[in-house]
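Novice: Build me a model:
(2 chains)
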Amino acid sequence: MKEFRLHGRGGQGAVTSAELVASAAIEEGKFAQAFPSFGPERRGAPVAAFIRVSDVQIRSREKIYYPDVVVVLDPSLPKIVNVADGLKPDGIVILNTTLSPEEVKSQFGINAKLALVDATKIAKEILGLPITNTTMLGALIKATEIIGIDAISDALQRRFGKLAEKNKASLLRAYEETKVIN
Amino acid sequence: MGNRVGVEVSIAVADAVKLCNVDVIAAYPITPQTHIVEHLSEIVADGHLDAEFIPVESEHAAMSCCCGSSAAGARTYTSTSSQGFALMSEIVYIASSMRFPIVMNVANRALSGPISIWNDHSDIMAHRDIGWIQTFAENGQEAVDLTIHAFKVAENKKVSLPVIVNLDGFICSHVIEPIIMPTQEEVDAYLPPFKPIYKLDPKKPVSMGTVGIPEVYTEAKVAHNEALKASKRVILDEWKKFGEMFGRYYNAVETYKTEDAEIIFVTMGSISETAMTAVDGMREKGEKVGLVRIRLWRPFPNAEFKKAIGKARILAVLDRALSPGAVNGPVGSELKSLLYKVPGAPKIFNFIAGLGGRDMTLERFNEILEKTKLYDKKKPTENYEVIGVREL
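Specialist: Numbers count the residues shown, from 1 in each chain, chains lettered A, B, ... in the order given. The predicted structure is shown next:
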């Protein structure tokens, strides 16, 4: 079983991203859960969402304390949130950032496997908005191979209908541009 | 056999209610509510279900409305949670005493104060004695299946009682997970149209909800209680039929690794899933532990529970609600009362945990096991213990 924690700001779609991944994994025949951090949430405030993906039935309702994967949608979050909190020793942090791996390590003190992409730039260019939730799914898939591109494309189609195409394009470009650094 | 989908549990429950082809949904769509009634309002507004969706002015009105529509012979549904449930409290007793087969999902959450929107069983335990059939779902699949089953049981002429299907707020209601959604054909084959025994009809006038003077009140209460106790036969029978139709079988009480267990945890609702994983971990360390999950809470399945615990030496009973000033937690009280002076009955230790959204983790289960082993050697000074209280 792999456990994921997504960090975003209220309104950036972290919960939607988690739902899309779980939905795609389930469509692939896997078992998955997605859930928000339960409680009142405010637009712009740091929020988290969670995913479990497994080949066997998931028998757990506890929160995720020790994720295998952390995804950060907003470049400003690592300054104010300890995004690597509880990360498993072999875990990976996937960041939307313009920084180099060295800068990420020195500025945020993240000492883990990294996957980096400038998702804000991609989203602005393709979607016309700095909303990176679907774009960052490209990075998540590149770094973890947890689900296939086809499955996430179908999930985007189900969720967004006409708007799915641009989201898919943005996701695919992030998939291409994400750099995984061990 | 149905379609396997990844869906939020609340949405799936709403879809199940649609499959049951309800006639009337009366609900108060504001916090604390769930996506259940929100999605049902969409389904009705989009013309996918020929039903009346009545957005009432309060939960008290919601249940009043449900009583009226059920009296008129309509298949009736609502859903609530927490404070909303508290507000409909006056009318839920009326629904059951008037034998209206209303079905309601309760997404279990804490009652204020302090103000809380999070999961525990305070809301349903405050309504333990309302005279409704009450079941607890462990996961989304069960929430869907038990809801369909609820209509079948409620409307059975031998039962004619309202049913609450409990599902844990947030940790079940808000989770996206895989659920096999039955098809319309399957549900139609399982659940026939509602045929009320009596209904309000100007052509055949009847009186409903009359005064229970002292000469009849006791008899009315006894009749209600007898009907509730007797409903167990139908509940079990309908679970069997459900299994035959849908391939998923349910029992009043479920066991997990209890065959040779010396210590058995007793749980209700979604923490049962975490409990199973906890039991797996403990067994790997050589602990002889097992789990009994109570699915049918009212009427309480006395015989089934006694059978399920087998020859276990100790029960560690988990409550998700605190009963202030009481001898034990609600489930703890129930089981101690059930097993009092039963020859060979196990020792029972009652733990209260997971209040107001406090997470029930694997570590908490380990803590409960350690305390249980300790109390086995040294009798505890209190009847129950609240687990994980922080020193502030």
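Novice: any weak-confidence spans in chain A?
Specialist: Within chain A, not a single segment meets pLDDT under 70.
Novice: Which residue ranges of it form helices?
Specialist: Applying DSSP state H to chain A gives helices spanning A:14-27, A:77-80, A:101-108, A:119-126, A:133-144, A:149-160, A:164-177.
Novice: any chance of the ones you listed in a markdown table, plus distance to chain B and mean neighbour count?
Specialist: Yep, even glycine has a C-beta here, placed from its N, CA and C like the rest. Below are the helices of chain A laid out as a markdown table (distance: least, C-beta to the nearest C-beta, whole Å; neighbours: other C-beta atoms under 10 Å in any protein chain shown):
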| stretch | distance to chain B | mean neighbour count |
| --- | --- | --- |
| helix A:14-27 | 3 | 26 |
| helix A:77-80 | 23 | 16 |
| helix A:101-108 | 27 | 15 |
| helix A:119-126 | 23 | 21 |
| helix A:133-144 | 15 | 27 |
| helix A:149-160 | 8 | 18 |
| helix A:164-177 | 17 | 20 |
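Novice: Of these, which is nearest residue B:126?
Specialist: Proximity to residue B:126, assessed across the helices of chain A by C-beta to C-beta, is greatest for helix A:14-27 (30.6 Å).
Novice: gap between that closest one and the chain center?
Specialist: 10 Å (C-alpha atoms, centre = their mean, to the nearest Å).
Novice: just checking, what packs against that helix?
Specialist: Contact partners of helix A:14-27 among helices and strands, from 3 or more C-beta pairs under 8 Å, 6 or more residues apart in numbering or on different chains; DSSP states H and E: strand A:2-9, strand A:31-36, strand A:46-54, helix A:133-144, helix A:149-160, strand B:3-8, strand B:176-181.
Novice: Between strand A:2-9 and it, find me the angle.
Specialist: Here helix A:14-27 points in a direction 150 degrees away from that of strand A:2-9 (axes from the mean of the first three to the mean of the last three C-alpha atoms, to 10 degrees).
Novice: Name all residues that make contact with the residue nearest the centre of chain A.
Specialist: For chain A, the residue nearest the mean C-alpha position is residue A:71 (4.0 Å; C-alpha atoms, centre = their mean). Contact analysis of residue A:71 by C-beta atoms under 8 Å, 6 or more residues apart in numbering or on different chains lists A:4, A:5, A:6, A:7, A:17, A:94, A:136, A:139, A:140.
Novice: how about the residues of chain B near chain A?
Specialist: B:4-8, B:117-119, B:168, B:170-172, B:174-178, B:270-271, B:273-274, B:276-277, B:357, B:359-362 (C-beta under 8 Å from any C-beta of the partner chain).
Novice: For residue 29, give me its contacts.
Specialist: Because you didn't say which chain, this covers chain A. Residue A:29 neighbours (C-beta under 8 Å, 6+ apart): none.
Novice: I was thinking of chain B, sorry if that wasn't clear
Specialist: Residue B:29 touches B:37, B:38, B:41, B:55, counting by C-beta under 8 Å, 6+ apart.
Novice: now the helices and strands packed on helix A:14-27 in CSV, with distance to residue B:392?
Specialist: As requested, the helices and strands packed on helix A:14-27 are exported to CSV (distance: least, C-beta to C-beta, whole Å):
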stretch, distance to residue B:392
strand A:2-9, 27
strand A:31-36, 27
strand A:46-54, 25
helix A:133-144, 37
helix A:149-160, 43
strand B:3-8, 35
strand B:176-181, 35
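Novice: Can you give me the buried ones in stretch A:46-62?
Specialist: A:46-54, A:58-62 (16 or more other C-beta atoms under 10 Å in any protein chain shown).
Novice: of those, closest to residue B:288?
Specialist: Of the buried residues of stretch A:46-62, the one sitting nearest to residue B:288 (C-beta to C-beta) turns out to be residue A:59, at 19.9 Å.
Novice: give me every residue that touches residue A:102.
Specialist: So residue A:102 contacts nothing (C-beta under 8 Å, 6+ apart).
Novice: ok, residue B:211 - contacts?
Specialist: Applying C-beta under 8 Å, 6+ apart, no residues qualify as near residue B:211.
Novice: Please parse chain B into its domains.
Specialist: B:3-246, B:253-386 (automatic domain parsing).
Novice: right, so of those, which gets closest to residue A:163?
Specialist: domain B:3-246 (19.0 Å).
Novice: wait, residue B:51 sits on residue B:25?
Specialist: Yes: with contact defined as C-beta atoms under 8 Å, residue B:51 reaches residue B:25; the gap is 6.0 Å.
Novice: which of those two has more neighbours?
Specialist: residue B:25 (29 against 20; other C-beta atoms under 10 Å in any protein chain shown).
Novice: pretty sure that one is in a strand, no?
Specialist: Yes: counting by DSSP: H, G, I helix; E, B strand; the rest coil, residue B:25 is found in a strand.
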